[in-house]
Every structure is written in structure tokens, then in C-alpha cells.
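S.K.: Okay, structure incoming, though there's no sequence with it:
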């Protein structure tokens, strides 16, 4: 798995796909490359990062998930369809998984969870009930529930330090725009610790 050295995107989530009797078949970043001229997907996952040519290039590379939360539903659907294809998990027709479970990031709110339910229901063209979603850590969920599901998808944050850095960057940018100095922000952080 390639490491994203200096990401120009919102910090992408890590997507893990586990298939019963095959184990973990995919572990990639939540990135999608879109050919702007043809309006179609050029690549997904780690391959997409290599296609980034900047804002003026013919391919746009984005992460439709920010810290594991969906920021663009339609692009996320296309990304997941591409990742399932890479993992050789059929999303249409008779071979689609009968039982799917999704391990979502801890701390997501009810609206964000409902968006994941809708996303996977639309992607698999079937009802994926809320009971198939958990915020249990992916490895623990596989150990305790792998016999119940054909496919388990994990949306994880394997690099929490990167997410904290990104959040701090946005906080400092916002505080500067609001006229709050770094020292005051640091004092606020100290009070929270």
C-alpha cells in the first residue's frame, strides 16, 4: 500500500474490504480520479493518487470522504463501486453479497450513519439495514462477526495523527480569519487537555 506523503486532498480515509473465505482483499485510500473531459472515473484508491496533475490537469483527484465522513455522496458511490470491482465483489446481479456489514468511524452522528446506510443500499441496489453498521474497530469486528457476513467494509483512520494535523490546520486557518491569535488558540487547547 502506498503512503500519501503530502496530500493535497482532505485527509482520505482508509478503506478495507474483507470477504468471507478470502480474508482482507483490499486496503486502499478513499481517493477517486475523474477524467474531467470524459466525465468518468479514471482510477480509484491508491492508483488515483498517481494521476493527480493539479487543478489545471485533465484529471481531478479527490477524496469523497473527509476523516471517514461522506462529503460527496455521488462521488463516494462511484469510488466504492470501483473499490468493490478491484476487490472482485460484484455489486450488481446475482453475485452481489447477500450479507454486508460496514465498520464506520467512531463518533459519527446519526445523520452521517444514515448517509452510509443510503450509500451502501444504493451501491448494492438492495436494502442494507442499519443493524449491519457498527463503529466497532475493523479487526475486532472481523474476529467477532466474520461468520455472519459475506463482505465486511471498514472505513478507518489508520493514521490518526494525520487527521489531527489536518483538523489543527483548519482550526488555525479559521481562527486567523476570525481574528483569534495562535496564543489564544493554544490557551483554549490547554484548557481542553
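M.R.: Yep, it's here. Remember, predicted model here, so these are calculated numbers, not experimental data.

S.K.: Relative to residue 47, how far out is residue 122?
M.R.: Taking Cβ to Cβ, to the nearest Å as the measure, residue 122 falls 24 Å from residue 47. Where C-beta positions appear, they are placed from N, C-alpha and C, glycine not excepted.

S.K.: Same question for residue 79.
M.R.: Remark: distance between residue 79 and residue 47 (Cβ to Cβ) = 12 Å.

S.K.: So these two - more neighbours on which side?
M.R.: Between residue 79 and residue 47, residue 79 has the larger neighbour count (other Cβ atoms under 10 Å), namely 29 against 17.

S.K.: Ranking helices and strands of this protein by mean pLDDT, which lands last?
M.R.: Of all the helices and strands that make up the chain, helix 160-177 has the lowest average by mean pLDDT, DSSP states H and E, namely a mean of 73.

S.K.: After that one, which helix or strand is next? Please name it.
M.R.: From helix 160-177 onward toward the C-terminus, using DSSP states H and E, the following helix or strand is helix 182-192.

S.K.: Which elements pack onto that following helix?
M.R.: With contacts defined as 3 or more Cβ pairs under 8 Å, 6 or more residues apart in numbering; DSSP states H and E, the secondary structure elements packing on helix 182-192 are helix 160-177.

S.K.: so what's the closest residue to residue 71 other than its chain neighbours up against?
M.R.: Excluding the flanking residues, the one nearest residue 71 by Cβ to Cβ, 6 or more residues apart in numbering is residue 64, at 5.9 Å. For residue 64, the contacting residues are 30, 32, 70, 71, 72, 73, 75, 76, 79, taking Cβ atoms under 8 Å, 6 or more residues apart in numbering as the criterion.

S.K.: give me that answer again for 7 Å
M.R.: Contacts here follow Cβ atoms under 7 Å, 6 or more residues apart in numbering; on that basis residue 64 touches 30, 32, 70, 71, 72, 75, 76, 79.

S.K.: before we move on, what about residue 133?
M.R.: 102, 104, 113, 116, 117.

S.K.: likewise residue 119?
M.R.: So residue 119 contacts 70, 73, 76, 77 (Cβ under 7 Å, 6+ apart).

S.K.: So residue 27 lies in a helix, does it not?
M.R.: No - according to DSSP: H, G, I helix; E, B strand; the rest coil, the state of residue 27 is strand, so it is not within a helix.

S.K.: Counting neighbours, what do you get for the closest residue to residue 148 other than its chain neighbours?
M.R.: Spatially, and ignoring its direct neighbours in sequence, residue 148 is nearest to residue 99 (6.7 Å; Cβ to Cβ, 6+ apart). With neighbours defined by other Cβ under 10 Å, the count for residue 99 comes to 12.
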